[in-house]
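Visitor: A predicted structure for the sequence below; I have some questions about it.
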Number of protein chains: 4
Amino acid sequence: MRVGIIGVSGYTGFELIRILLNHPKFEISYLGASSEGKIDEIFSSLKGVFDFKVSVANASDASKFCDLVFLALPHKEAMGYAKILLSNGVKVVDLSADYRLNLANYEKNYGEHLDTLNLKNAVYGLTELNRQAIKNAKILANPGCYPTASILAVLPFLPYIDTDFGVIIDAKSGVSGAGKKPSTTTHFVSVNENLNAYNPITHRHADEIAQHLSTAASKSVNVLFVPHLVPLTRGMLISAYARLRARINPLEVLNEFYKDEKFIRIRTEPVSVKNVAGTHFCDIFAMVKDDKIFINSAIDNLLKGASSQAVANANLMCGFDESLGLSVVSQFC
Amino acid sequence: MRVGIIGVSGYTGFELIRILLNHPKFEISYLGASSEGKIDEIFSSLKGVFDFKVSVANASDASKFCDLVFLALPHKEAMGYAKILLSNGVKVVDLSADYRLNLANYEKNYGEHLDTLNLKNAVYGLTELNRQAIKNAKILANPGCYPTASILAVLPFLPYIDTDFGVIIDAKSGVSGAGKKPSTTTHFVSVNENLNAYNPITHRHADEIAQHLSTAASKSVNVLFVPHLVPLTRGMLISAYARLRARINPLEVLNEFYKDEKFIRIRTEPVSVKNVAGTHFCDIFAMVKDDKIFINSAIDNLLKGASSQAVANANLMCGFDESLGLSVVSQFC
Amino acid sequence: MRVGIIGVSGYTGFELIRILLNHPKFEISYLGASSEGKIDEIFSSLKGVFDFKVSVANASDASKFCDLVFLALPHKEAMGYAKILLSNGVKVVDLSADYRLNLANYEKNYGEHLDTLNLKNAVYGLTELNRQAIKNAKILANPGCYPTASILAVLPFLPYIDTDFGVIIDAKSGVSGAGKKPSTTTHFVSVNENLNAYNPITHRHADEIAQHLSTAASKSVNVLFVPHLVPLTRGMLISAYARLRARINPLEVLNEFYKDEKFIRIRTEPVSVKNVAGTHFCDIFAMVKDDKIFINSAIDNLLKGASSQAVANANLMCGFDESLGLSVVSQFC
Amino acid sequence: MRVGIIGVSGYTGFELIRILLNHPKFEISYLGASSEGKIDEIFSSLKGVFDFKVSVANASDASKFCDLVFLALPHKEAMGYAKILLSNGVKVVDLSADYRLNLANYEKNYGEHLDTLNLKNAVYGLTELNRQAIKNAKILANPGCYPTASILAVLPFLPYIDTDFGVIIDAKSGVSGAGKKPSTTTHFVSVNENLNAYNPITHRHADEIAQHLSTAASKSVNVLFVPHLVPLTRGMLISAYARLRARINPLEVLNEFYKDEKFIRIRTEPVSVKNVAGTHFCDIFAMVKDDKIFINSAIDNLLKGASSQAVANANLMCGFDESLGLSVVSQFC
């Protein structure tokens, strides 16, 4: 199966290449970026490993060479490409926010949407939540990193929590989540030996989390979302808090809910970023005190939170085993 | 004024020395540790700066040389020294947990208490909360780092929050908080590129926070406390969440409550560890969404959360200006 | 082919497992450590990935289950196991220092040798240097991390440098090189925001480098070796300096010398740890000024400097393609 | 004494403020930058500490308010300000490269010089080398960070080394040395878990080191200089190598040479960045093997390598004790 990546020069583009080079069924047949070049010039670590031309991104060209295209572009840019690819019968896995939200939420957070037709048919690619729909998707909206870790943590407890009170999500992310573009906030000297919340409450992922939790719960779920920047390269940790309406054994709930999931691991103690970094796993732990629950999840923000989830979804969309190409051994013990 | 430090070989011991060397009124007259030596052999950075004998810690000896002694010892060890020092008329600032809790809470968290008489007279040294009592204290219980940052954040909002629901405190600390003793959890390779909660809900500082918030509120305040370990050397960040019973402007509440405090800074955006590292400041920010409040504070865990708070309290106990010797400029911009 | 690992609980043990789980020919059939357990209890990141019993290490037991055994033990311990395994006809790849040096150098650096018979037959497993001999080795001495990166850097220039003056090797290593055992020098607070040389000139790897460079040059090569500890988890950088006896184009020399090597990459600018971390590559760069040469190499200390080199050697010893199971894509771009 | 800072918004500007706020004789009377503002908006950690207007930098204005001005500007920019300040009788401490080199070296490395008249009278402010001249300087060229640490290390050994062979300087710096401007090379994700040499041999500080060592030796001293970027915020480590012409005891040489220097500490084992970070110290160690010497020094690149050296020099230029305002206690043990 021939696949392409448009917007290959960022972190998620690199991770997609890393996965696809070890994938038994997908073959990279097109790479597009804002300017022409060679992939091992953009990523010097690929020298001697992968020698492939990068074209100036063009959806029509990509349509000729690919059966499926991963869009690793900024939001607002992705939908322009998606529209053309879809009209040419090419499947699309979009890693941007362009197809993740309903129109109202999209416009509130990102402004005008330019491809509302495809938006309606887009499938939200949280694999564990929407596996069946994903298999038939033509346009897949790959979830944000925070929503992936947050929704997977909260989902099993929706029947037991006070959805009016909702969930408080205290999220911590490594710096790669902020993207490759240099800025004051990603300068080593700004991040190292520092720690802070950013965009508390108003971060755009709050509505993505709330929308999909509400859909899953069939009622409105309140979300208070506070992300934090932590001095590490990759990894994400969620500590979520909610009010219980019933007495439960949280580990039993988790184990039952995810009993058939290969990439969700239920832990008996707090989860660690280190155990999931470099893998497609989401580790989850939970603990109750009186009427409150603490739910704790960890993912690799660039893999389960982006590129490996994208490949897992592409696997399903193409009729392959979901796990093809995905790494399960952490990058360090 | 002659002061001593017992238990000088740890991180808070070093920070006490750092402060006292620049203090206009306190003169170090005694240093005690578990074994004899010289202070610039224990801390090689002090070579050429401070050449002082370290004695095998002995409370009677210390009593001869000191008007006030800082105890930078593990809990359970401190009270043995305190008892003797106090009986010799020496003032004590104890950085351990030994005098921070009422007897019931102490025994629940730390086991038997061996100096219950002095426990009754001990003053909890959260300076902004107990300034008047501190001035007359003979035995001062210097607060834990997490309680310092947590209580200072929540205190101004006690009249406005639902104390039955209480507060959820998601805390993040640098590694120096775990002390100087090498362990698997403080190994560089374990901490670097990692992130995790530890002792969630059951951490001993939960009861310290709850007890003193409840005293301040004159009613029981529920506390759900989840600390996290973050890969940085020093600094602590608190993100606290509560349910409001009234509509408030959180920054107005903070500004009014702390209007006379020199070492509390109210911020108009999320606080950063970097702004307080190396200083005696506690920075606080808060923000409301519907009926929930997010309160955010940052301190240097070894200074405001330990050694500089100890010196501020000692200043008060000796009739000096509270701010003598305290640093206000962060160690890096 | 059935392989075992004795001493599996350290960092190189984990890396061996990581490689072997993806190896098409080797199957893990025995794991030994100092105490019994399960591998996913020792390395919690392996939960759900690899569920295998760890036995109390015993060479006779291992001999029954394995055709080849990797010894990931401290020096002095490894030779006891090797002796028995070899006598049982099991091939041994020893990651310790026990078979790397001639007897004189061994005794100078590590004390008495207890298996001098096998020492004579051991092959030094710097793959690019001794490929033919490795194919027939029964007992393979896997090189140290510093010697791997240093020798590969200097080897091509031996004909052109003043061997009397010799080479000055300024080496920098990540903290994983110091092993998993917690100590003052590996405490996060000691390493983070710090940098220092250690064991300058007298480090035991100096003689390993000198012996094998001298053998390769057929004359004595002087080595001044100064290792440094750097605050990163994995990776090693060598900056070597020597005096030239002839005018050369250093990149031409490198390209010619390594033209058939798949895992040596010649760079046209200074090498970066990031490009090799997570891979089996050694990247090399060199530059001349007047009669001096600066040679610069980078490896992953735990892979090319330990576990992946061990597997590459095992591949050769078993008649397989050298590259089976080895990773070539760096862990981050 | 009224002092100003032009170019206050960078890292060295902040460090100057940090020092000057604790200085008993200097009072900040002018701050200039590229745009108008308040200093606690540029450095949010100064909120509540230092409330001072920042003007659009103008040398004539600064001349009215200041007796001495620190220029913390990029090279090429500084000399325009210096010229005017000097003509107005204001003393200048220039932290840029503009007055550090002779004309030939300047033009080779930085292009045309626009103030050659003052260049002739500028004093190179390596305090320990030029103390007497500094006392009478009107225009002081504050040394670069690499030259400070390198020259202080090598200077005592000039009589004993083969200056034809010269010195090989393997230097490692924290990221703050690269300045505050965000770039690909200072992005957290690029630096963290990475390590590399940059501008080997051709870095502009090579000529600064060679020129001043040659002047001190009264003959040409060859310098091979290779700087490396290390993932830490502040600190610099030099490992220098040279060929001895005589048998010496290196620690005796160091102790004798620096016996009257308060801010040079001779160590008996390899130096550590941690011991000098936050201080005005330069720590030095040296060790001999056969005819080669390894010399090892550490400084805080922003203090002894920039701002505290600038203030020490300003102290001398104004007739004050050299040590006024300088910190001697490291920021962490």
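Guide: Nice, I can see it. Note that the coordinates shown come from a computational prediction; the quantities given were computed from them, not determined experimentally. Residues are numbered from 1 along each chain as shown, chains lettered A, B, ... in the order given.

Visitor: In the stretch 101-250 of chain A, what residue spans correspond to helices?
Guide: Using DSSP state H, counting those that start in this stretch, the helices found in the stretch 101-250 of chain A span residues A:103-110, A:116-121, A:127-135, A:145-154, A:188-191, A:205-217, A:250-257.

Visitor: Which strands and helices lie in contact with the longest one?
Guide: Secondary-structure packing of helix A:205-217 (3 or more CB pairs under 8 Å, 6 or more residues apart in numbering or on different chains; DSSP states H and E): helix A:103-110, helix A:145-154, strand A:223-229. (Each C-beta comes from the backbone N, C-alpha and C, glycine too.)

Visitor: Can you name the residues of chain A that neighbour chain D?
Guide: Within chain A, the positions adjacent to chain D are A:11, A:175-176, A:180, A:182-184, A:186-193, A:231-233 by CB under 8 Å from any CB of the partner chain.

Visitor: can we see that at 6 Å?
Guide: A:175-176, A:182-184, A:186-189, A:191-192, A:233 (CB under 6 Å from any CB of the partner chain).

Visitor: from these, which is closest to B:Ala314?
Guide: Minimum distance to B:Ala314 across the residues of chain A next to chain D is 32.7 Å, recorded for A:Asn192 (CB to CB).

Visitor: surely that closest one meets D:Thr233?
Guide: Yes - taking contacts as CB atoms under 6 Å, A:Asn192 lies within contact range of D:Thr233: 5.1 Å.

Visitor: Could you report the distance from A:Asp40 to C:Ser330?
Guide: Per CB to CB, to the nearest Å, A:Asp40 is found 12 Å from C:Ser330.

Visitor: of the two, who's got more company?
Guide: With neighbours defined as other CB atoms under 10 Å in any protein chain shown, A:Asp40 and C:Ser330 compare such that C:Ser330 has more, 23 against 16.

Visitor: isn't the more buried one right up against C:Phe281?
Guide: No - contact criterion CB under 6 Å: C:Ser330 and C:Phe281 do not qualify, at 8.1 Å.

Visitor: residues in contact with A:Gly325?
Guide: If you count contacts by CB atoms under 6 Å, 6 or more residues apart in numbering or on different chains, A:Gly325 has them with A:19, A:22-23, A:311.

Visitor: meant to ask about A:Val123
Guide: Counting by CB under 6 Å, 6+ apart, A:Val123 makes contact with A:130, A:133-134, A:137, A:140.

Visitor: Quick one: these as TSV, columns for neighbour count and pLDDT too.
Guide: TSV is the format used below for these (neighbours: other CB atoms under 10 Å in any protein chain shown; pLDDT from 0 to 100):
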residue	neighbour count	pLDDT
A:Asn130	21	98
A:Ala133	13	98
A:Ile134	22	98
A:Ala137	22	98
A:Leu140	29	98
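
Visitor: For those, give me JSON lines that also has distance to chain B.
Guide: Listed next are those as JSON lines, based on distance: CB to the nearest CB, whole Å:
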{"residue": "A:Asn130", "distance to chain B": "28"}
{"residue": "A:Ala133", "distance to chain B": "32"}
{"residue": "A:Ile134", "distance to chain B": "30"}
{"residue": "A:Ala137", "distance to chain B": "33"}
{"residue": "A:Leu140", "distance to chain B": "29"}
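
Visitor: just those residues now: which is nearest D:Asp115?
Guide: Here the nearest of the contacts of A:Val123 to D:Asp115, counting by CB to CB, is A:Leu140; it sits at 63.0 Å.

Visitor: Please tell me how far that closest one sits from A:Lys262.
Guide: In terms of CB to CB, A:Leu140 sits 20 Å off from A:Lys262.

Visitor: leaving aside the residues next to it on the chain, what's closest to A:Val273?
Guide: A:Gly235 (3.4 Å; CB to CB, 6 or more residues apart in numbering or on different chains).

Visitor: What is the neighbour count of the one you found?
Guide: 30.

Visitor: again with the one 4 residues further on
Guide: By other CB under 10 Å, 25 other residues sit near A:Ser239.

Visitor: Kindly report the same for the one 10 residues further on.
Guide: If you count neighbours by other CB under 10 Å, A:Asn249 ends up with 11.

Visitor: Can you tell me how far it is from A:Ile293?
Guide: Where A:Ile293 is concerned, A:Asn249 sits at a distance of 11 Å (CB to CB).

Visitor: just A:Gly80 next, same as before
Guide: In terms of CB to CB, A:Gly80 sits 42 Å off from A:Ile293.

Visitor: which one of the two has more residues nearby?
Guide: Shown here are A:Gly80 and A:Ile293; by other CB under 10 Å, A:Ile293 has more neighbours (23 against 16).
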